[in-house]
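*Asks:* Sequence below, structure please.
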Amino acid sequence: MTTVRHLSGYLFLSALFIIDAYCGVNEDTAFDAGNGVSMTFAEAKAPRFLLYNVNYGEGFNLRRDVYMRIANLVRVLNEEEPWILVLPPWGRLYHWQSKDIKNQNRIRWSLFFDVYSLKKFAPVVEFEEFLTMSKEPVIDEVYYLQNYKEGWTEWEEKMDFRPCNENNHYYWKNFETGKWDSWFFGYEDQVTASKFQCVSFMGHASFLKPFLLKNTTARSVMIERAETVLHDQFGNSEYWQARRSMVFSTTLRDIGNEFRAKYLDSTDEKDNTIFEEDWTKMKRKHGEAKGGQYIGVHLRRKDFLRTSRHLPSLKHAAKQIEKLLIKYNLSKVFIATDAPRDEFEELSEYLSDFEVLAFNPTSEVREEYKEGGLAIIDQWICAHARYFIGTEESTFSFRIQEEREILGFDPEMTFNRLCDDKEKFDCEKSSKWTITY
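*Replies:* Reported below is the predicted structural model:
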């Protein structure tokens, strides 16, 4: 049994690296976080690839958070040798249940995000590009992270190679080929793995650095259940650099902006929300953004009806929204919600004195941009509201709050949550995780 422990300190990035033709990018498209620091490796080394996956039950917005953890790990790895992060294709998410949207599988990141902006933070490639660059569609090593079966009494960073806690880990040995098969992002008919190992893990993302550099020489390594690793330092400048680099695709932003202009009389010029295409140059101060003349609301329903401790009834949510509309002298509210149509109509009836809007995409938009794209459009519209109020414990709301921090809103107009019926109208506000440059 191998055990690795580390109890002190964090690793910080001291230099940025440009990865050359091995990943199909050059100095115009890759790893340059905008501070003018860049360098090439003294020796030409073939880059290594880091892949990752997340528990199948996790949603779109938690997966965005896990990306930031792994992207920061890749930055740390590049202090020593060239590594490229392989972006896991989107698909088969629990919350993507719309039966009318077909082929929600093998979705490239470029449908949702501007990959050029991602590359300004860390060297990344789409999964299909990785397959093209690989000599054969085989991932060398897969490490499945799991919690310690016996639990723990005192937290410390450690990892142990152990038998799997459960057999249901979605990997199975193919005795005909000697390889390990799995879903592999919908490429199960094309991709296999040479090695599979369960690892009990407790630690931050950068704690994997010594293992990846010294304990394996594999050209491609996949970290399964990557949500197990923690942010190296949640909310610091590296966190926010990774978050700022996750710029939505131009097309999705344009759709959201068109809706704002047509139905909410909201434009970037009026709202002081001009967006810099180069995120490294966009450093807004709190209060610079004014926002459109509407309130943005994220009201989570469905699974939260079973799991949330602080979800208001539709009637109580409407009362809170009405108070805010009156307080800020506004007449329009934009609702982002997973509620079924009848619940949305009920909420609208409670707010009959005001204009209640939601984004209702055409069938063509739904089919082309999938449920992930529709979620981003909702978030983009909420992010530009004069005032935003979300749902407690929802990562969907949290992502909107981050977007508003990037745009430069007053935190008092951003970090707000709907109170449940017992809390009435004076519940504690959301935790404030403000931007750091």
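*Asks:* Hmm, residue 414 is touching residue 388, no?
*Replies:* Yes: if you go by CB atoms under 8 Å, residue 414 and residue 388 touch, sitting 5.4 Å apart. Every C-beta, even on glycine, is put in place using the N, C-alpha and C of the backbone.
*Asks:* Quick check: neighbours shared by these two?
*Replies:* When CB atoms under 8 Å, 6 or more residues apart in numbering defines a contact, the residues bordering residue 414 and residue 388 alike are 401, 404.
*Asks:* any idea how this protein splits into domains?
*Replies:* Taking automatic domain parsing as the domain assignment, the ranges for the chain are 3-240, 249-413.
*Asks:* As TSV, those domains with distance to residue 431 would be great.
*Replies:* Rendered in TSV, the data for the domains of the chain read as follows (distance: least, CB to CB, whole Å):
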stretch	distance to residue 431
domain 3-240	10
domain 249-413	9
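*Asks:* Residue 421 is nearest to which of those?
*Replies:* Closest to residue 421 of the domains of the chain is domain 249-413 (CB to CB; 4.7 Å).
*Asks:* Show me how far the closest one is from its chain's centre.
*Replies:* Distance, stretch centre to chain centre, for domain 249-413: 18 Å (CA atoms, centre = their mean, to the nearest Å).
*Asks:* how long is it end to end?
*Replies:* End-to-end distance of domain 249-413 (CA to CA, to the nearest Å): 25 Å.
*Asks:* and residue 60, how many neighbours does it have?
*Replies:* Close neighbours of residue 60, defined as other CB atoms under 10 Å, add up to 19.
*Asks:* and it, what does it touch?
*Replies:* Residue 60 neighbours (CB under 8 Å, 6+ apart): 90, 93, 95-96, 371-372, 375.
*Asks:* Regarding the nearest residue to it once chain neighbours are set aside, what is its secondary structure?
*Replies:* Counting by CB to CB, 6 or more residues apart in numbering, residue 60 lies nearest to residue 372, which is 5.4 Å off, once chain neighbours are set aside. Per DSSP: H, G, I helix; E, B strand; the rest coil, the secondary structure class of residue 372 is helix.
*Asks:* Model confidence at residue 372, what's the number?
*Replies:* The per-residue pLDDT reported for residue 372 equals 94.
*Asks:* Then the one 10 residues further on?
*Replies:* Per-residue pLDDT puts residue 382 at 98.
*Asks:* secondary structure element for it?
*Replies:* helix 363-383 (DSSP states H and E).
*Asks:* May I see the buried residues of that helix?
*Replies:* Using 16 or more other CB atoms under 10 Å as the test for burial, helix 363-383 gives 365-366, 369-383.
*Asks:* so where's the stretch 201-350 of the chain uncertain?
*Replies:* 305-306, 308 (pLDDT under 70).
*Asks:* try 50 this time
*Replies:* Across the stretch 201-350 of the chain, nothing is flagged by pLDDT under 50.
*Asks:* And the strands in it, which stretches?
*Replies:* Secondary structure of the stretch 201-350 of the chain (DSSP state E, counting those that start in this stretch): strands at 220-224, 292-299, 332-337.
*Asks:* Deepest-packed of these, please.
*Replies:* When you average the neighbours per residue for each of the strands of the stretch 201-350 of the chain (mean count of other CB atoms under 10 Å), strand 292-299 leads with a mean of 25.
*Asks:* what's that one in contact with?
*Replies:* By CB under 8 Å, 6+ apart, strand 292-299 touches 260, 264-266, 270-271, 317, 321, 324-325, 328, 330-337, 339, 347, 357, 378, 381-391, 394, 396-397, 400, 418.
*Asks:* partner strands of that strand, parallel or antiparallel?
*Replies:* Sheet partners assigned to strand 292-299 using DSSP bridges are listed as strand 332-337 (parallel), strand 385-389 (parallel).
*Asks:* The first one vs helix 363-383, what angle?
*Replies:* What that stands for is strand 332-337. If you take axes from the mean of the first three to the mean of the last three CA atoms, to 10 degrees, strand 332-337 sits at 120 degrees to helix 363-383.
*Asks:* Enumerate residues external to strand 332-337 that contact any of its residues.
*Replies:* By CB under 8 Å, 6+ apart, strand 332-337 touches 264, 293-301, 321, 325, 343-344, 347, 351, 354-359, 378-379, 381-382, 385, 396, 400.
*Asks:* who does the helix holding residue 382 touch, helix- and strand-wise?
*Replies:* Helices and strands touching helix 363-383, by 3 or more CB pairs under 8 Å, 6 or more residues apart in numbering; DSSP states H and E, are helix 60-77, helix 250-263, strand 292-299, strand 332-337, helix 395-407.
*Asks:* Could you export it as PDB, CA atoms only?
*Replies:* The C-alpha atoms that make up helix 363-383 are tabulated as PDB, following Å, rounded to 0.1, in the frame of the first residue of the first chain:
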ATOM      1  CA  SER A 363     -37.400  24.600 -30.900                       C
ATOM      2  CA  GLU A 364     -34.400  25.400 -33.100                       C
ATOM      3  CA  VAL A 365     -32.600  27.100 -30.300                       C
ATOM      4  CA  ARG A 366     -33.400  24.300 -27.800                       C
ATOM      5  CA  GLU A 367     -32.100  21.700 -30.200                       C
ATOM      6  CA  GLU A 368     -29.000  23.500 -31.100                       C
ATOM      7  CA  TYR A 369     -27.800  24.800 -27.700                       C
ATOM      8  CA  LYS A 370     -29.200  22.100 -25.500                       C
ATOM      9  CA  GLU A 371     -30.200  22.500 -21.900                       C
ATOM     10  CA  GLY A 372     -26.700  23.700 -20.900                       C
ATOM     11  CA  GLY A 373     -27.000  26.600 -23.400                       C
ATOM     12  CA  LEU A 374     -30.500  27.500 -22.200                       C
ATOM     13  CA  ALA A 375     -29.200  27.600 -18.600                       C
ATOM     14  CA  ILE A 376     -26.400  30.000 -19.600                       C
ATOM     15  CA  ILE A 377     -28.800  32.300 -21.400                       C
ATOM     16  CA  ASP A 378     -31.000  32.400 -18.200                       C
ATOM     17  CA  GLN A 379     -27.900  33.100 -16.100                       C
ATOM     18  CA  TRP A 380     -26.700  35.800 -18.500                       C
ATOM     19  CA  ILE A 381     -30.000  37.700 -18.400                       C
ATOM     20  CA  CYS A 382     -30.200  37.400 -14.600                       C
ATOM     21  CA  ALA A 383     -26.600  38.600 -14.300                       C
END
